[in-house]
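# below is the structure, and that's it, no one-letter string:
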DNA sequence: TAAGGTATGTTAATCGGTTAACTTGAGTCT
DNA sequence: AGACTCAAGTTAACCGATTAACATACCTTA
C-alpha cells in the first residue's frame, strides 16, 4: 500500500487535514484539544506516518538542505582538503538539522552553474569550495549574481574580491610570512615556492606573504624560484629539475603550497636520491590528516580544514535563519608542526 | 522580484500553464505548434525562467536524488575508503543526471534510520556504505524494511546476508587467499592478521579466505594471531607488543585489513625500531590512493574503491529507472602491487 | 442580557508544477 | 454530407503538505 498521508489520518480521526497538520507539528497549542491531539498522534503512529518532506518543503519554502558546490574532477574527494572540509560541513549541517547536497558542475562554476543552482530552489543555501579553475571574473560574477538573487552562500578559501560575503579561510599571507621567518632563522637564504595554480587565491596570498617576509629579511624571491605544476607530477619534476640540476643558485629550502605538492616533493627526492633536509629542506602548508601518514614527517603549517568546513556551514545556516545577519568574514589560525624535513 | 514561474510565462504568451509546461518539457511534440513553442521558449529565456525543482519533483514523484547513508563519526570523510567511494558515486550520479544527498544518521543505521529515510521521500534511492558498527540483525532488519517498502537501494561492501539485493563489493575471501599464497611462497609460516572490527563483513570474509588458504598450505591461523584494534592506535600497539615482545612464535608476516591498520603498523615499526621486511613483512589490503603517499611503499592488494562507488550508483539508478530490473550482485577484482614491505 | 473573549476546528487558498481527459476546428475519406 | 482523424490547446484534478481567514459554541463580564 502507498505511504499514508495527512488525509488518511484525517479520515480515520474524523477531523480535517488542517487539524492533523497542526496537531502533528505542535504549532499553536490552543488550536487542537489535547484529547484530539493525542488521538491524531496515536493514529499517525499506528499508520507509521511520516511526512512527505518534498511537499512540506514546497509549502514552507524551505528545504533544510545546503548545497556544496565543488568543481568536478572525477576523483574529487581524493583531495584531502575537500574531504576534510566536507567532514566539517557535514558535522555542522547535522547538528543544525540540515542535510547536504553535493553539486559538482562539470566545467567551471561560472555563469552556467549559477543559473543551474539559482533555478533549482532545492537548497536553502550554497557553500563554494575550491573553485580552483575559476577566473576572478567568474567568481565575481557568481558572487554578484547570488547576492542579487538573494541567495545565501559561503565561500571557503576561494575568494579574493572585496564584496561583503560569508567567507571562511586561513590567513595565508601570515602563514607564508611565518614560513619564511622559520626558514631564515634556520639559515636558509635561497627559498623556492612550489605551488599548483597561479590563479588560486591561496597562491596569491601566499605569494604576498612570501615577498613581504623575504623583503624584510633582505632577501629576494626570484621569479624562477616560483613554480606551478598544475597538479601534475611530471610538471612538478620538470620544475624541480630546473631548480636542482644546475649547480649554483640551487634553492636550499622549498615551501610547498598544498598537500599534493608535498607528495610530489617526496617522490622527487626519492627519484633523484636527495636527502632531506640535507640537500633540500621542505616546509609545507598542509592538512594535518593527510600529512599524518607521510614519512618522514613533514615540518609544516597545518590549516584547520575541518574547522573551516564547520564554520562555513554554521555561518551559512546563521544567515539563512537570521535574515538580518550581516555577512561574516572569518580567518582561522594555522598551527605549526615540527617534523624532520626543515 | 520573485523568480518567474510557469504562470508568468503563460500570461505573457497568452496561453495556458499546461501549454507552457508541455512546450518547455519537449513532451508530446504534437500538442503545441512550433510557432507557439518557440514563442514560449523565447519568453522563458527572457524572463530567466527555471523550474522550481521541488514542485516538479512533487508532481513527478521523482527527485533524481540519491541518498548516501554513511554512519557518522565526525571526521567521516577522512576515511579514504568512503572518500573514494564517494568520488565514484558522485561521478556516476552526475553522468546520469542525478544528485547526491548525504545522510549520516548519528548512531547505528538500524530501525530509526530506516524510518527516518523511508519517510522523507526526498531521495529516489539509497546507497549504504561502511555500516561498520551495525549488527547483522540491524542490517537484515534494514534490508527487509526497505524491500518491503519498495525502496531502491544498494549496499557497498557491507552485507553478508543472503537476500537478493543490489550489492557491490570485493572478493575479500579470494584476496585473503592470494595474500596467504604470496606470503607462503616467500617463506613465511607464521602469519598474523591485524583487523579493525570483528563484526565487519570484510573481516569475516578475509578470515574465511585466510583459514582456507593456510589450511591448504598445511598451516594454522592461531587465535592469538588475530587482532582487532577498533581503529585505535593504542590498542593496535598493545596487540603488536603481544605478538613481538615474546621471543618464540613471533609472526614473521602481518596481513592488514584496511588502510588505518597499515599506518598503525608503520608507526609501530618506527616506535619499536623494527625493520621491514627484515623483522616483519607487511602485506596490506588497501586503497591505492591512500597508500600512494606512504613510504616505504607497501606491498598490497588494492581494492577498486572508486569503481565500487561508480557501480553502486549505476546499478541503483538502473533499478530506479528500469522497474523490472533484478537486483545485481557484483564482486570486483582486486589488484596486486609489489612494494618493498613483503 | 448583550458584548466580548476563548477554545476548537474547518474552509479554502497556496506552494509551482504535471498530466489525463476534454474541446474545438480544420482537413480527409467515402 | 456525414463520419472520422488529427493538430492544437484548455480544463481541471492532482502531488501532499501549510496557513490565513473564517466559523461556532461556550464562558465571562459588565
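Here it is on my side, so go on. The structure presented is a predicted model; accordingly, all values stated were derived computationally and were not measured.
# CA atoms for contacts and neighbours, from now on please.
Fine.
# buried ones in the helix or strand encompassing residue A:310?
According to DSSP states H and E, residue A:310 maps onto helix A:305-321. Within helix A:305-321, the residues that qualify as buried by neighbour count (16 or more other Cα atoms under 10 Å in any protein chain shown) are A:305-320.
# can you tell me which of the residues you listed is nearest residue B:91?
Set against residue B:91, the nearest of the buried residues of helix A:305-321 by Cα to Cα is residue A:309 (22.2 Å).
# same for the strand or helix carrying residue A:55, what does it pack against?
When secondary structure is defined by DSSP H and E, residue A:55 falls within helix A:53-60. Judged by 3 or more Cα pairs under 8 Å, 6 or more residues apart in numbering or on different chains; DSSP states H and E, helix A:53-60 is in contact with helix B:53-60, helix B:111-120.
# and if we set it to 7 Å?
Helix A:53-60 is packed against helix B:53-60, with contacts defined by 3 or more Cα pairs under 7 Å, 6 or more residues apart in numbering or on different chains; DSSP states H and E.
# what average pLDDT does the helix it packs on get?
For helix B:53-60, mean pLDDT rounds to 95.
# ok, now stretch A:275-282?
Summarised as a single mean, pLDDT over stretch A:275-282 is 94.
# any part of it near chain B?
No: under the criterion of Cα under 7 Å from any Cα of the partner chain, stretch A:275-282 makes no contact with chain B; the nearest approach is 14.0 Å.
# show me what from chain A comes close to DNA strand D.
Along chain A, the residues adjacent to DNA strand D under the rule Cα under 7 Å from any atom of the strand are A:4-7, A:17-19, A:21-22, A:25, A:50-53, A:55-56, A:58-60.
# related to what we said a few turns ago, each with direction, which strands does the helix or strand just after the helix holding residue A:55 pair with?
Beyond helix A:53-60 in the direction of the C-terminus, DSSP H and E gives the next helix or strand as strand A:65-69. Pairing partners of strand A:65-69, with direction, according to DSSP bridges: strand A:99-103 (parallel), strand A:125-129 (parallel).
# DNA strand C is nearest to which of these?
strand A:125-129 (16.4 Å; Cα to the nearest atom of the strand).
# can whatever helix or strand comes next after that closest one be said to contact chain B?
Elements were assigned by DSSP H and E; along the chain past strand A:125-129, the next helix or strand is helix A:136-149. No: looking at helix A:136-149 against chain B by Cα under 7 Å from any Cα, there are no contacts, and the closest approach is 8.7 Å.
# does helix A:136-149 come close to DNA strand C?
No: Helix A:136-149 is not in contact with DNA strand C by Cα under 7 Å from any atom of the strand; minimum separation 13.8 Å.
# name the residue of chain A that lies nearest to chain B.
Nearest residue of chain A to chain B (Cα to the nearest Cα) works out as residue A:101 at 4.4 Å.
# what about that residue, neighbour count?
Other residues lying near residue A:101 total 22 when counted by other Cα atoms under 10 Å in any protein chain shown.
# do you know the pLDDT at it?
At residue A:101, the predicted lDDT confidence score is 94.
# likewise for residue A:69?
pLDDT recorded at residue A:69 is 88.
# tell me the secondary structure of the residue of the stretch 51-200 of chain A found nearest DNA strand D, please.
Proximity of the stretch 51-200 of chain A to DNA strand D (Cα to the nearest atom of the strand) peaks at residue A:51, 3.3 Å away. Put simply, residue A:51 is coil when judged by DSSP: H, G, I helix; E, B strand; the rest coil.
# and it, how far is that from DNA strand C?
In this structure, residue A:51 and DNA strand C are 14 Å apart, going by Cα to the nearest atom of the strand, to the nearest Å.
# ramachandran angles for residue A:154?
Recorded main-chain torsions at residue A:154 are phi -130, psi 140, according to degrees, to the nearest 10.
# so residue A:255, which of the three states?
What three-state DSSP gives for residue A:255 is strand.
# count the residues that sit near it.
25.
# contacting residues for it?
Applying Cα atoms under 7 Å, 6 or more residues apart in numbering or on different chains, we find residue A:255 in contact with A:192-194, A:282-284.
# save those as CSV, and put in secondary structure and neighbour count too.
Output for those, formatted as CSV (DSSP: H, G, I helix; E, B strand; the rest coil; neighbours: other Cα atoms under 10 Å in any protein chain shown):
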residue, secondary structure, neighbour count
A:192, strand, 24
A:193, strand, 24
A:194, strand, 24
A:282, strand, 25
A:283, strand, 28
A:284, strand, 27
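# for those residues, work out which two are farthest apart.
Using Cα to Cα, the two most remote members of these are A:192 and A:284, lying 11.7 Å apart.
# quick one, helices of the stretch 101-250 of chain A?
For the stretch 101-250 of chain A, applying DSSP state H, counting those that start in this stretch gives helices covering A:111-120, A:136-149, A:172-185, A:201-216, A:233-244.
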